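predicted structure and sequence below. I'll ask about it afterward.
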Amino acid sequence: MGHVEVGHLTYVLPDGRPLLDDVSFRVGEGVKAALVGPNGAGKTTLMRLIAGDLQPVEGSVASSGGLGIMRQFIGSIRDGRTVHDLLVSVAPQRVREAAERLETAELVMMEREDEKAQMRYAQAITDYSDAGGYDIEVLWDTCTMAALGVPYDRCKYREVNTLSGGEQKRLVLEALLRGPDQTLLLDEPDNYLDVPGKIWLEQALRETPKTVVLVSHDRRLLANAADRIVTVESGNVWVHGGGFGTYAQARKERNERLDELRKRWDEEHAKLKRLVVMLGQKAKYMDTMAAAYHSAQTRLRRFEEAGPPEAAPRDQLISMRLRGGRTAKRAVICEGLELTGLMKPFDLEIWYGERIAVLGSNGSGKSHFLRLVAGEDVRHTGVARLGSRVVPGHFAQTHARPELVGRTPCEIVMTEHARLKNEAMKALSRYELAGSIAEQRFETLSGGQQARLQILLLELSGTTLLLLDEPTDNLDLASAEALQEGLNAFDGTVVAVTHDRWFADDFDRYLVFGSDGMVYESPEPVWDETRVVRRR
């Protein structure tokens, strides 16, 4: 069994800004603890500190039972990486190190086959075997069958970028949950999973005896799988010992207590200051009051040195002003459209002002469909065209925006949309991206901050057709609610791929990409389309 213990942890960002201050908590054996909090509060940083990727300024981290880690963006890997490489990256440390030595030895053997290279290769094979590499490949066969439906030997050399985001997540989760590590760190494990996948994950987390620390913004998953809620906000953490169902009320009551304590502290502070002033005035002409005056000064100094109680964190105020504009009545027209190898030909008309939710299993072509409508080069037959005055704006599922790397949000808004700095800062402020966040490089932002920035860029671009690929995956609750309000006010057409059960309830039509290749419409959300009998 495993555990995680964080003691008096302090972390300062590379630019000198304090992020976490004197953080302490413990996750005991078999506990499923969820880290929640606003985007950018430090959840992923805290996970990286526990994983050992970052080093704290002060404090310590301890864990037991071996550490299995799923990072937030598992798809952010070099071109050409294979399924084998991905599975090795989440294997126990001994296997990872032995696999790296074996790979190096294989490369040397390809260049030359002298005796030294052969001996080195033979030793690398022995080391890999001793580390349990061949034993774990048997486990990987079970994982690839469960996640991809094919044996390990048939997919080990398949490039990871040919898998959907959900397939990548499911594969890594299968490997970690079935693997030997007894403590798991899962950073947004539900992102890109379809709803059956999320239900599977909820059940797997409930059933595993392993200790799990996870980050998620899916309220249904949190309610069904987490038995501890660790809130990261205002540079510190606090732990709610119950489940997510009682969390909102617990947070409200805690903030009310903090407000009351701060009010009492302010009252006592003002009272002591008045007492010092009064006694100081009397001590000027009454020698007998000097001792009382000095005593009151000492009390005030000690009171101020102790400092006020923790302040209740402020709520986020995010205002998305997605405007849109009038277009032709038919915004999107598809005739005999087939994305090669992913679906059977289908016809579709999307009318101005409609809200279309695109549902279906992972790998069925939903993201490819959005990319095609957005104007990207996607292999297809048939026709997919836009109506007049339709300006598409695409929100990418993986946040893969290489043109934004190395640039700050302020620079991006000013450059991309010809805004003066004060105008850019006002726009960023509405998205809670002002202040120091506006001067951070894009790649250093949290997943949620990157998502909010991309939505802001869509707002400023004048798009009349929003093509959103899993927009709520990295958004905290306040941001997701702000997006919903922004879409309700948007004067245009919205097409969104989503596995968010709460988010989908607000849409008008549901376009389902079936596992059999058929594309059809449903009057209600269909989360497991294989259960629906359709007439053809």
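Arrived safely.

where does the chain have low pLDDT?
Along the chain, the model assigns pLDDT under 70 to residues 75-80, 397-400, 418, 529-536.

ok, longest helix in it?
Identified as the longest helix of the chain according to DSSP state H is helix 247-283.

what is the subsequent helix or strand relative to that helix?
Along the chain past helix 247-283, the next helix or strand (assigned with DSSP states H and E) turns out to be helix 290-306.

so which bits of that following helix are buried?
Going by neighbour count (16 or more other C-beta atoms under 10 Å), the buried part of helix 290-306 is Tyr293, Ala296, Leu300, Phe303. The way it works is simple: take the backbone N, C-alpha and C, and place the C-beta from them, glycine included.

can you name every helix or strand that the longest helix of the chain contacts?
strand 236-240, helix 290-306 (3 or more C-beta pairs under 8 Å, 6 or more residues apart in numbering; DSSP states H and E).

quick one, which of these is nearest to Gly7?
strand 236-240 (12.1 Å; C-beta to C-beta).

packing partners for the closest one?
Under the contact definition 3+ C-beta pairs under 8 Å, 6+ apart, strand 236-240 sits against strand 18-27, strand 228-233, helix 247-283.

same thing but 10 Å
On a contact count with 3 or more C-beta pairs under 10 Å, 6 or more residues apart in numbering; DSSP states H and E, strand 236-240 meets strand 3-12, strand 18-27, strand 32-36, strand 228-233, helix 247-283.

make CSV from these and add mean neighbour count and distance to Asp500 to it.
Below are these laid out as CSV (neighbours: other C-beta atoms under 10 Å; distance: least, C-beta to C-beta, whole Å):
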stretch, mean neighbour count, distance to Asp500
strand 3-12, 18, 28
strand 18-27, 18, 27
strand 32-36, 24, 16
strand 228-233, 21, 20
helix 247-283, 14, 18
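
turn the ones you listed into TSV, including distance to Lys366.
Output for the helices and strands packed on strand 236-240, formatted as TSV (distance: least, C-beta to C-beta, whole Å):
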stretch	distance to Lys366
strand 3-12	36
strand 18-27	35
strand 32-36	27
strand 228-233	32
helix 247-283	32
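
Ile199: which of these is closest?
strand 32-36 (15.8 Å).

let me know the next secondary structure element after that closest one.
Downstream of strand 32-36 (by DSSP H and E), the next one is helix 43-51.

before we move on, what SS does the residue nearest to the spatial centre of the chain have?
Centroid-nearest residue in the chain: Asn474, 3.9 Å away (criterion: C-alpha atoms, centre = their mean). Put simply, Asn474 is coil when judged by DSSP: H, G, I helix; E, B strand; the rest coil.

quick one: the residue lying closest to it once chain neighbours are set aside from Ser216, how far?
The shortest distance from Asn474 to any non-neighbouring residue, by C-beta to C-beta, 6 or more residues apart in numbering, is to Gly447 (3.6 Å). Distance of Gly447 to Ser216, computed by C-beta to C-beta, to the nearest Å: 12 Å.

shared neighbours, these two?
Listed as contacting both Gly447 and Ser216 by C-beta atoms under 10 Å, 6 or more residues apart in numbering are Lys43, Asp187, Glu188, Asn191, Asp473.

of those, closest to Ala51?
The nearest member of the shared contacts of Gly447 and Ser216 to Ala51, counting by C-beta to C-beta, is Asp187 at 9.1 Å.

identify the residues contacting that closest one.
Here Asp187 is in contact with 35, 43-44, 46-48, 51, 69-74, 213-216, 447 (C-beta under 10 Å, 6+ apart).

so which residues of the stretch 301-450 of the chain form strands?
330-339, 346-351, 355-360, 380-386, 392-395 (DSSP state E, counting those that start in this stretch).

packed most tightly, which of those would that be?
Most buried of these by mean neighbour count (mean count of other C-beta atoms under 10 Å) is strand 355-360; its value is a mean of 23.

among the helices and strands packed on strand 236-240, which comes closest to Ile318?
Distance to Ile318, taken as C-beta to C-beta, is lowest for strand 228-233 among those, at 15.3 Å.

could you export the closest one as PDB, CA atoms only?
Extracted C-alpha coordinates of strand 228-233, given in PDB (Å, rounded to 0.1, in the frame of the first residue of the first chain):
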ATOM      1  CA  ARG A 228     -11.200  13.400   0.100                       C
ATOM      2  CA  ILE A 229     -11.100  16.900  -1.400                       C
ATOM      3  CA  VAL A 230      -7.900  18.900  -1.100                       C
ATOM      4  CA  THR A 231      -8.500  22.500  -2.100                       C
ATOM      5  CA  VAL A 232      -5.600  24.500  -3.500                       C
ATOM      6  CA  GLU A 233      -6.300  28.200  -3.400                       C
END
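
give me the sheet partners of that strand and which way each runs.
strand 32-36 (parallel), strand 236-240 (antiparallel) (DSSP bridges).

may I see those strands arranged in CSV, with distance to Leu261 as well?
Shown next, in CSV, are the strands paired with strand 228-233 (distance: least, C-beta to C-beta, whole Å):
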stretch, distance to Leu261
strand 32-36, 23
strand 236-240, 14
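
for Pro56, find the nearest of these.
Across those, closest to Pro56 is strand 236-240 (C-beta to C-beta), at 13.7 Å.

and that closest one, how far out from the chain's middle?
19 Å (C-alpha atoms, centre = their mean, to the nearest Å).

give me the residues contacting that strand.
6, 9, 20-27, 33-37, 41-43, 46, 226, 228-232, 246-251, 254, 258, 310, 313.

cool, stretch 91-106 as well?
With C-beta under 10 Å, 6+ apart as the criterion, stretch 91-106 contacts 66-68, 84-85, 87-90, 117-137, 139-140, 175-176, 179-181.

count of neighbours near Tyr352?
When neighbours are counted by other C-beta atoms under 10 Å, Tyr352 registers 21.
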